[in-house]
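Novice: I would like to see how this sequence folds:
(2 chains)
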There are 2 protein chains.
Amino acid sequence: MKLHGYFRSGAAYRVRIALNLKGLSVEHVTHHLRKGEQNAPSFLEMNPQGLVPALELDDGTVLTQSVAIIEWLEETHPTPALLPGDALHRARIRAFALAIACDVHPIQNLRVLNTVRDLTDDETSLAWAARVNREGLAACEKLAAGNPGPFVFGAAPTLADVLLVPQLVNARRFKVDVAAFPRLLAAETAMLALDAVKRAAPDQQPDAE
Amino acid sequence: MKLHGYFRSGAAYRVRIALNLKGLSVEHVTHHLRKGEQNAPSFLEMNPQGLVPALELDDGTVLTQSVAIIEWLEETHPTPALLPGDALHRARIRAFALAIACDVHPIQNLRVLNTVRDLTDDETSLAWAARVNREGLAACEKLAAGNPGPFVFGAAPTLADVLLVPQLVNARRFKVDVAAFPRLLAAETAMLALDAVKRAAPDQQPDAE
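Specialist: You can find the predicted model right below:
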């Protein structure tokens, strides 16, 4: 399999973590987002959204949308489970993950921030990104409260932790005071202690600058 | 079960469609978004994100995030299936649905549009919403291409159609020329012919204004 990504893409980082936790190795193909390579016609043919990541299977089939890719990995490689427990537990894990995937990440990604900057200025665009991260992670801190740790939903990593780690990287990049989220930081610490998660880090990728 | 929603919320509309397709009836509790009722302390205790929908189960457990709620409905009430077929088919359905749930809807919702309007003006905010809908639905039209109809992924409604119908309502509200998306309009026509979908429409809700 080939993972089409970019070292700094938070959504590609999620899929790298999930692949590593499942013990799967893939070939990495980079598309330089700041140079606009995701809008090359050859890539748009693979993913009409012009977004990374995209997972290209050995028969050429292309899967898009990081959460859909991870759900596919979970169905085809169920162990270790990233959506463990009963339907209710999975609903809570998915709600946490989607709070990040829908209501934080896309509203502070490069495409939106460039638009905000063009309408206003750099400072306003960065303040926008910080606010979106701060408000979203504050809600996630409450969604995590009361669950046993050290991970967001207990003793092992789930889809929630997979989404959390890259989002905290973004939050720090936008200078959010993440110390306000002790429960999330505890889950992050547990994640970063895992070799699978370490190897997925942006600065560990061959295209890192 | 109680569905906490608002007649005009696209995300609540998704859950209403899914509940009706599954043949489930719930009590509807409205939270007037334009009056900010989703930020009332009693609602924030149920959903720290301050967003509708939230599904309150009979034992008081609250599920949030529309797609997580629908995945829970799918697991607990599997028939008729909204995620049919094999893992690959489900991955494509989820990718289509998440292209809307992550990359269109949250970037053109009330909260973001109010922020854009406050930074600029009404006209810029509406142009933003139109562009987000136009670009996102253009990608969805391509994701749907080549699949048998009339629904997005074949002869029966799936999660993809459940997300599509409310998004087309938004696209029209922002004056997007939806005639550019014939494949999506065909799926919408098939959906709107179903009584379950008709009953979920915003103007059919008791809180409609």
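
Novice: give me the contacts around the longest helix seen in chain A.
Specialist: When chain A is parsed with DSSP state H, its longest helix is helix A:122-144. Residues lying outside helix A:122-144 but in contact with it, judged by C-beta atoms under 8 Å, 6 or more residues apart in numbering or on different chains, are A:92, A:95-96, A:99-100, A:103-104, A:107-108, A:113-114, A:116-117, A:152-153, A:160, A:164, A:167-168, A:170-171, A:174-178, A:180-184, A:187, B:48-50, B:64, B:115, B:119. Using the backbone N, CA and C atoms, a C-beta is placed for each residue, glycine as well.

Novice: and for stretch A:16-33?
Specialist: For stretch A:16-33, the external contacting residues (C-beta under 8 Å, 6+ apart) are A:1-9, A:37-38, A:40, A:43, A:52, A:55-56, A:69-70, A:73, A:77, A:79-80, A:82, A:110, A:157, A:159, A:162, A:165-166, A:191, A:194-197, A:199-200, A:205-207.

Novice: filter these down to the buried ones.
Specialist: Buried members of the contacts of stretch A:16-33, scored by 16 or more other C-beta atoms under 10 Å in any protein chain shown, are A:2-9, A:38, A:43, A:52, A:55-56, A:69-70, A:73, A:77, A:82, A:157, A:159, A:162, A:165-166, A:191, A:194, A:196-197, A:200, A:205.

Novice: buried residues in the helix or strand following the longest helix of chain A?
Specialist: Counting by DSSP states H and E, the element after helix A:122-144 in chain order, helix or strand, is helix A:159-173. Buried residues in helix A:159-173, counting neighbours by 16+ other C-beta under 10 Å, are found at A:159, A:160, A:161, A:162, A:163, A:164, A:165, A:166, A:167, A:168, A:170, A:171.

Novice: number of nearby residues for the residue nearest to the last one when sequence neighbours are not counted?
Specialist: Across the structure, with C-beta to C-beta, 6 or more residues apart in numbering or on different chains as the measure, the residue nearest residue A:171 apart from its sequence neighbours is residue A:133 (4.1 Å). Residue A:133 is surrounded by 25 other residues when neighbours are defined as other C-beta atoms under 10 Å in any protein chain shown.

Novice: thinking again about what came up before, which of the buried ones among the contacts of stretch A:16-33 fall within helices?
Specialist: Using DSSP H, the members of those that fall within helices are A:43, A:69, A:70, A:73, A:159, A:162, A:165, A:166, A:191, A:196, A:197.

Novice: from the residues you listed, which is closest to residue A:86?
Specialist: residue A:159 (15.0 Å; C-beta to C-beta).

Novice: for that closest one, list the residues it contacts.
Specialist: Residues in contact with residue A:159 (C-beta under 8 Å, 6+ apart) are A:18, A:67, A:70, A:74, A:82, A:83, A:93, A:94, A:97.

Novice: start to end distance for stretch A:155-164?
Specialist: 16 Å (C-alpha to C-alpha, to the nearest Å).

Novice: can you give me the offset of it from its chain's centre?
Specialist: Between the centre of stretch A:155-164 and the centre of its chain there are 11 Å (C-alpha atoms, centre = their mean, to the nearest Å).

Novice: avg pLDDT for that stretch?
Specialist: On average, the pLDDT along stretch A:155-164 is 98.

Novice: please parse chain A into its domains.
Specialist: Domain assignment for chain A by automatic domain parsing gives A:2-80, A:87-196.

Novice: same list (these) but as TSV, adding distance to residue B:142.
Specialist: Shown next, in TSV, are the domains of chain A (distance: least, C-beta to C-beta, whole Å):
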stretch	distance to residue B:142
domain A:2-80	4
domain A:87-196	18
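
Novice: now the residue nearest to residue A:171: how far from chain B?
Specialist: In this view, residue A:133 and chain B are 14 Å apart by C-beta to the nearest C-beta, to the nearest Å.

Novice: could you check the pLDDT of that residue?
Specialist: pLDDT recorded at residue A:133 is 98.

Novice: one more: residue A:39?
Specialist: Note for residue A:39: predicted pLDDT of 89.

Novice: please apply the same query to residue A:103.
Specialist: pLDDT at residue A:103 comes out at 98.

Novice: mind listing what it touches?
Specialist: A:136, B:49, B:51, B:106.

Novice: of these - the most surrounded one?
Specialist: Among the contacts of residue A:103, residue B:51 has the most neighbours (other C-beta under 10 Å), with 26 neighbours.

Novice: which residues does it contact?
Specialist: Going by C-beta under 8 Å, 6+ apart, residue B:51 touches A:103, B:11, B:38, B:64.

Novice: wait, the second one touches residue B:49, no?
Specialist: No. Taking contacts as C-beta atoms under 8 Å, residue B:11 lies outside contact range of residue B:49: 10.9 Å.

Novice: how much space between residue A:3 and residue A:29?
Specialist: Distance, residue A:3 to residue A:29, by C-beta to C-beta, to the nearest Å: 7 Å.

Novice: what do these two both touch?
Specialist: Contact criterion C-beta under 8 Å, 6+ apart; residues shared by residue A:3 and residue A:29: residue A:56.

Novice: quick check: residue A:161 vs residue A:170, distance?
Specialist: To residue A:170, residue A:161 is 15 Å away according to C-beta to C-beta.

Novice: and stretch A:77-93, anywhere near chain B?
Specialist: Yes. Residues of stretch A:77-93 contacting chain B under C-beta under 8 Å from any C-beta of the partner chain: A:87, A:88, A:90, A:91, A:92.

Novice: and which of the residues you listed is nearest residue A:146?
Specialist: Nearest member of these to residue A:146, counting by C-beta to C-beta, is residue A:92, at 10.6 Å.

Novice: having no further points to raise, I will conclude here.
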